[in-house]
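Asks: All I have is the shape, not the residue letters:
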């Protein structure tokens, strides 16, 4: 949001939120940007963590087939 131009209404709203948090407007916008990046990074890591299960090896498949009834 810091890179984009904000309207007067948006700027006033963010300034009220910054004042309520007790920080300057610039610091507030930096905090919001940092939180947004952290969320994106966490989302990417979660997507990487959910990998498809690995196919069983040859020996495991042979043993499983041997244990099945005829």
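Replies: Yep, it's here. Note that the structure is predicted; figures quoted are calculated from it, not measured.
Asks: for this protein, longest helix please?
Replies: helix 25-49 (DSSP state H).
Asks: what's the following helix or strand past that one in contact with?
Replies: On the C-terminal side of helix 25-49, the nearest following helix or strand under DSSP states H and E is helix 58-67. Helix 58-67 is contacted by residues residue 56 when judged by Cβ atoms under 8 Å, 6 or more residues apart in numbering. Every C-beta, even on glycine, is put in place using the N, C-alpha and C of the backbone.
Asks: now stretch 55-68, how far from the chain's geometric center?
Replies: Here the centre of stretch 55-68 is set off from its chain's centre by 38 Å, with Cα atoms, centre = their mean, to the nearest Å.
Asks: what do you get for stretch 46-62?
Replies: So, by Cα atoms, centre = their mean, the centroid of stretch 46-62 is 24 Å from its chain's centroid.
Asks: end-to-end on stretch 16-30?
Replies: 15 Å (Cα to Cα, to the nearest Å).
Asks: Over to stretch 53-70?
Replies: 28 Å.
Asks: number of nearby residues for residue 31?
Replies: 13 (other Cβ atoms under 10 Å).
Asks: looking at it, it is touching residue 24, isn't it?
Replies: No. Counting by Cβ atoms under 8 Å, residue 31 does not reach residue 24; the two are 10.4 Å apart.
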